[in-house]
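[1] model the structure of this input:
(one chain, ligands or ions: 1)
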Amino acid sequence: MNIDFTNVDLTGLDSYKDKSLDAFKTLIEKTGEGSDFLGWIDRPVDLDMQEYERIKKASKKIQTNSDVLVTIGIGGSYLGTKAIDYAMAGYFRRENGTQLVYAGHQLSGEYLYDLLDFLKEKEFSVNVISKSGTTTEPAIAFRFLKEMAEEKYGKEEAKNRIFVTTDRQKGALKDLATKEGYETFVVPDDIGGRFSVISAVGLLPLCVAGVDIDKFVDGFKNGRKKYTINSFEENDAIKYAAIRNMLYENGKDIEVLVNYEPKLKYISEWWKQLFAESEGKDGKGLFPVSVNNTTDLHSLGQMIQDGKRNIFETVLKVQKPDKDITIKEDSDNLDGLNYLAGRDLSYVNEKAMEGTILAHIKGNVPNILLTIDDVSEESLGELLYFFEVVVGVSGYMLGVNPFNQPGVEEYKTQMFKLLGKPGY
Ligand SMILES: O=P(O)(O)OC[C@H]1O[C@](O)(CO)[C@@H](O)[C@@H]1O
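    Numbering: from 1, shown residues only. Below you'll find the model as predicted:
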């Protein structure tokens, strides 16, 4: 992985250096606000190996008896899995593993209706994931899925097909799992939801989906080696955090994460939760937005090029696409594309990216270029760990607690009042 800051005016960055190193120290030495939730820093080298083996065993069982694993969860109990599954599964055909379908990540009755209908012809298992065990969206979805599993397979066999990932000791879901006798996996106390893809939250469904979780963990380990170095020059996570903060203080309120490979779409969705819940508080924070190019060059591109100048971009480039296709000569050339004959589509895509970067710099949009070697488990693991360190350093630089999310409670309170939930 490589990060290039040459398209950002770095004048004045020196004054952010000490602040970023202090923030990094606060993070690594666990002396700041939210330090109870820093288990993710060392988790790549400190996994519960007994649970890890159970994850692999349960995955084999699910792959053998199910066409589909219904993965129930929202926020951090959904997005990391979706991001990696979406990146690794193949665009049209899954090459290995069992299909994941998602539930409990919104409240659409139509979606759940269709899902239950779809499952009628499928053999399925369920993994319900909720750290708190009380989140409304997954709780509602699980009520339906549990009923369907019990109707289809009978109560005893349903127990073999329902897997619960939740708090080690407490919560409604933990109580229910104990009562029903479901196999459980743990969301560690010291890891917040949006940092939890490295735990059973992500590892169980991803293993079922055919993702090589050993390599994924290796990617996290590589990230830990590189991004926990206490050096502004050698640790790009610290430098990136400093540059983001400098841009923010210079009036760039919005960071756009850009990709040119559609399979990275949900990496951006994961990134949005990570940065929004970590930084968006106390009236502060960069607003995280994402675009999928070149698709969005034909929509949001106008705004980025020409709208209010409060934006900077981080472009995610893939060095080596997994597959490619070459444009052929056409004897009629009615579409005028023969000038591209012999070119790989990845070349055209790369020129679109380079051209867009040039255009956006011209339009006063600072550009950071983050290149990953490929879309592999290892590269993605390292990338996720990198962003996690960046958000920790960045949040402390901003003067907020990056590891809580008090703002998300307000919609719940209002919704519960409207729904007439007892106690509201
Ligand atoms: O895993 P849980 O407890 O269901 O929470 C899901 C998500 O909901 C939030 O708490 C926000 O409500 C996120 O931070 C979290 O990732």
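[2] rest of the way, CA atoms for contacts and neighbours
    OK.
[3] in a helix, Phe163, correct?
    No. Counting by DSSP: H, G, I helix; E, B strand; the rest coil, Phe163 falls outside a helix, being strand.
[4] quick one: it from Met148, how far?
    Computed as C-alpha to C-alpha, to the nearest Å, the Phe163 to Met148 distance reads 15 Å.
[5] neighbour count for those two, which is higher?
    Each of Phe163 and Met148 has its neighbours counted (other C-alpha atoms under 10 Å); Phe163 has more, 23 against 16.
[6] need the residues of this protein near the ligand, please.
    Ile74, Gly75, Gly76, Ser77, Ser130, Lys131, Ser132, Gly133, Thr135, Gly193, Arg194, Val408 (C-alpha under 6 Å from any ligand atom).
[7] ranges for the strands of the stretch 51-200 of the chain?
    Along the stretch 51-200 of the chain, the stretches classed as strands by DSSP state E, counting those that start in this stretch are 68-72, 99-103, 124-130, 162-166, 183-186.
[8] sec struct for the nearest residue to Pro44 once chain neighbours are set aside, please.
    Nearest non-adjacent residue to Pro44, counting by C-alpha to C-alpha, 6 or more residues apart in numbering: Lys221, 5.4 Å away. With three-state DSSP as the basis, Lys221 sits in helix.
[9] ok, now how distant is Lys221 from the ligand?
    23 Å (C-alpha to the nearest ligand atom, to the nearest Å).
[10] and what of Phe387?
    According to C-alpha to the nearest ligand atom, Phe387 and the ligand sit 16 Å apart.
[11] any idea how far the spatially most central residue of the chain is from Phe195?
    Nearest to the mean C-alpha position of the chain, by C-alpha atoms, centre = their mean, lies Trp270 at 2.5 Å. Going from Trp270 to Phe195 by C-alpha to C-alpha gives 10 Å.
[12] give the residues shared as contacts by the two.
    Common neighbours of Trp270 and Phe195, using C-alpha atoms under 8 Å, 6 or more residues apart in numbering, are Gly76.
[13] can you map out the helices along this structure?
    With DSSP state H as the criterion, the chain has helices at 14-28, 49-65, 79-88, 109-119, 136-161, 172-180, 200-208, 213-227, 236-249, 265-279, 300-306, 345-362, 377-398, 409-419.
[14] now those as a markdown table including mean pLDDT?
    Output for the helices of the chain, formatted as a markdown table (pLDDT from 0 to 100):
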| stretch | mean pLDDT |
| --- | --- |
| helix 14-28 | 98 |
| helix 49-65 | 98 |
| helix 79-88 | 98 |
| helix 109-119 | 98 |
| helix 136-161 | 98 |
| helix 172-180 | 96 |
| helix 200-208 | 98 |
| helix 213-227 | 98 |
| helix 236-249 | 98 |
| helix 265-279 | 98 |
| helix 300-306 | 97 |
| helix 345-362 | 98 |
| helix 377-398 | 98 |
| helix 409-419 | 95 |
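[15] distance to Gly39 for these - can I get that in CSV?
    Shown next, in CSV, are those (distance: least, C-alpha to C-alpha, whole Å):
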stretch, distance to Gly39
helix 14-28, 11
helix 49-65, 16
helix 79-88, 17
helix 109-119, 34
helix 136-161, 24
helix 172-180, 21
helix 200-208, 14
helix 213-227, 12
helix 236-249, 18
helix 265-279, 16
helix 300-306, 37
helix 345-362, 37
helix 377-398, 12
helix 409-419, 23
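[16] out of those, indicate the one that is most buried.
    Stretch with highest mean neighbour count among the helices of the chain: helix 200-208 (a mean of 27; mean count of other C-alpha atoms under 10 Å).
[17] hmm, back to that, just curious, which of the residues of the chain next to the ligand is nearest to Ile361?
    Nearest to Ile361, judged by C-alpha to C-alpha, of these is Arg194 at 31.7 Å.
[18] could you count how many residues lie near the closest one?
    Other residues close to Arg194 by other C-alpha under 10 Å number 22.
[19] hang on, isn't it packed against Tyr78?
    No. If you go by C-alpha atoms under 8 Å, Arg194 and Tyr78 don't touch, sitting 9.1 Å apart.
[20] and the gap between Arg94 and the ligand?
    Distance from Arg94 to the ligand, by C-alpha to the nearest ligand atom: 27 Å.
[21] ramachandran angles for that residue?
    phi -80, psi 120 (degrees, to the nearest 10).
[22] mind telling me which residue of the stretch 301-424 of the chain is nearest the ligand?
    Distances between the stretch 301-424 of the chain and the ligand by C-alpha to the nearest ligand atom are smallest at Val408, namely 5.2 Å.
[23] list the residues that contact that residue.
    Residues counted as contacts of Val408 (C-alpha under 8 Å, 6+ apart): none.
[24] excluding chain neighbours, what is closest to Tyr240?
    Spatial nearest neighbour of Tyr240, excluding adjacent residues (C-alpha to C-alpha, 6+ apart): Val390 at 6.9 Å.
[25] neighbouring contacts of stretch 383-390?
    Residues outside stretch 383-390 that contact it (C-alpha under 8 Å, 6+ apart): 1, 195, 219-220, 223-224, 227-228, 237-238, 240-241, 271, 274, 372.
[26] let me fix that: stretch 157-168
    The contact list for stretch 157-168 (C-alpha under 8 Å, 6+ apart) reads 62, 124-133, 146, 149-150, 173-174, 177, 180-189, 200-201.
[27] hang on, the earlier thing: please name the nearest non-neighbouring residue to the residue nearest to the centre of the chain.
    Leu79 (5.1 Å).
[28] now do the same contact list for the one you found.
    Residues in contact with Leu79 (C-alpha under 8 Å, 6+ apart) are Tyr266, Glu269, Trp270.
[29] surely the last one meets Ala83?
    Translated: Trp270. Yes. Under the criterion of C-alpha under 8 Å, Trp270 makes contact with Ala83 at 6.5 Å.
[30] what distance separates stretch 114-131 from the centre of its chain?
    Here stretch 114-131 is found 22 Å from its chain centre; the criterion is C-alpha atoms, centre = their mean, to the nearest Å.
[31] endpoints of it, how far apart?
    26 Å.
[32] quickly note the distance from Gly34 to the ligand.
    Using C-alpha to the nearest ligand atom, Gly34 is found at 13 Å from the ligand.
[33] how many neighbouring residues does that residue have?
    Quick note: Gly34 (other C-alpha under 10 Å) scores 17 neighbours.
[34] ditto for the one 10 residues further on
    Other residues lying near Pro44 total 22 when counted by other C-alpha under 10 Å.
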